[in-house]
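> got a predicted structure here, sequence first:
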Amino acid sequence: MTSTTTFAAAIPLGAWHDFIPHAFNSLAAQDVDLELALLDASGDPRVAEAANSCGLDFAYRRHGPDEGQAAAIDEGWRRTEGSVVFWLNGDDRLTPNALANARALLDSNPDVDVVYGHSDFIDAHGHHIGRHDQISDISDILYRSNIISQPSCFVRRSALDAVHGINSKLHYVMDWDLWVRLYSNGSKFLHTNQTYSEVYIGRDTKTGAVSPKRLAEVFNLVRRHSGYWSALKSTASLAAHTLQSRRRTA
């Protein structure tokens, strides 16, 4: 039977990164029905050059300023129609057959709203340096810890629409906030041991930063769902884990 599951990917780019061509190539290698929205706020002509030469057919392209990464993701999803949405940052890449494997799980589990898998970490040279060790089965732990790897998570648009999309006002925890709202709304999650993405870890990434704004977003999200003391513990734990990861990649 031919699958009716289609994908829509937002690609939000705030700056040029040498991994961007690799991100594009990983999308081009996916043998599925895939709509792409390129949201380029970098102001760097290399992004347009890479997009023009990668062989991808973009359903939507915008080169120019935006109101932040989450707003760009929202823009991209609104400009596409795929039944399953995700986003891919310019310094990450999908593994071969990631989308076909996710589609197979969605097709065989029509009651599932969200499929998520694992991610491997890579360094500035594209070498594997470890595996994302925070991913686990869905549970109320999600209210205290982000147990889902963003580029390895695929959400049915119907479930996304039911929670009114991504929160475009957030800059660091918009993925975690979305997972929490989906979970709280009764969406069904399916965790697989398949590896769907490779994630660059470095000091120049958002996830490599220990900034007051990032910590404040984490604290506010956890406090809203688990209380003050859990928020303090989760924020401190995230800061410590980030610093530890930075030491490994230094």
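On my side now, so go ahead.

> tell me the SS of residue 89?
coil (DSSP: H, G, I helix; E, B strand; the rest coil).

> neighbours around it, how many?
Here the number of neighbours of residue 89 (other CB atoms under 10 Å) works out to 25. Bear in mind the C-beta positions are built from the backbone N, C-alpha and C, glycine included.

> so what secondary structure elements neighbour the helix or strand of the chain with the lowest mean pLDDT?
Lowest on mean pLDDT, DSSP states H and E among the helices and strands of the chain sits helix 228-249, with a mean of 82. Applying 3 or more CB pairs under 8 Å, 6 or more residues apart in numbering; DSSP states H and E, one finds that helix 228-249 contacts strand 128-131, helix 212-226.

> and those, which is most packed in?
Of all the helices and strands packed on helix 228-249, helix 212-226 has the most neighbours on average by mean count of other CB atoms under 10 Å, namely a mean of 17.

> grab the longest strand from this protein for me.
For the chain, the longest strand by residue count, based on DSSP state E, is strand 189-200.

> helices and strands around that strand, which ones?
Short answer (3+ CB pairs under 8 Å, 6+ apart): strand 189-200 packs on strand 92-94, helix 98-108, strand 114-122.

> nearest to residue 26, of those?
strand 92-94 (3.8 Å; CB to CB).

> packing partners of that closest one?
helix 20-28, strand 189-200.

> mean neighbour count for those - can I get that in a markdown table?
Supplementary listing: the helices and strands packed on strand 92-94 in a markdown table, determined by neighbours: other CB atoms under 10 Å:
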| stretch | mean neighbour count |
| --- | --- |
| helix 20-28 | 20 |
| strand 189-200 | 19 |
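
> ok, which of the ones you listed comes nearest residue 74?
helix 20-28 (19.5 Å).

> which residues touch that closest one?
For helix 20-28, contacts defined as CB atoms under 8 Å, 6 or more residues apart in numbering pick out 9, 11, 13, 34, 36, 46-47, 50-51, 54-56, 88-95, 126.

> which helix or strand lies directly C-terminal to it?
strand 34-40 (DSSP states H and E).

> C-alpha coordinates for that next one, CSV please?
Extracted in CSV, the C-alpha atoms of strand 34-40 (Å, rounded to 0.1, in the frame of the first residue of the first chain):
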residue,chain,number,x,y,z
LEU,A,34,9.0,16.0,1.6
GLU,A,35,8.2,19.7,1.5
LEU,A,36,11.0,22.1,2.5
ALA,A,37,10.8,25.7,3.8
LEU,A,38,14.1,27.5,4.0
LEU,A,39,14.0,30.4,6.5
ASP,A,40,17.3,32.3,6.1
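
> just the angle between that strand and helix 20-28, please?
Orientation of strand 34-40 against helix 20-28 (axes from the mean of the first three to the mean of the last three CA atoms, to 10 degrees) gives an angle of 160 degrees.

> strand 34-40: partners in the sheet, and parallel or antiparallel?
strand 7-13 (parallel), strand 60-63 (parallel) (DSSP bridges).

> for those strands, which one ends up most surrounded?
Highest mean neighbour count among the strands paired with strand 34-40 (mean count of other CB under 10 Å): strand 7-13, a mean of 25.

> the helix or strand where residue 70 lies - contacts with which helices or strands?
Secondary structure from DSSP H and E places residue 70 in helix 69-78. In terms of contacts (3+ CB pairs under 8 Å, 6+ apart), helix 69-78 is packed against strand 7-13, strand 34-40, strand 84-87, helix 174-184.

> one more time with 6 Å, if that's ok
Where contact means 3 or more CB pairs under 6 Å, 6 or more residues apart in numbering; DSSP states H and E, helix 69-78 is packed against strand 7-13, strand 34-40.

> chain center to that helix: distance?
12 Å (CA atoms, centre = their mean, to the nearest Å).

> residues contacting it, please?
10, 12, 37, 39, 66, 85, 87, 165, 166, 168, 170, 174 (CB atoms under 6 Å, 6 or more residues apart in numbering).
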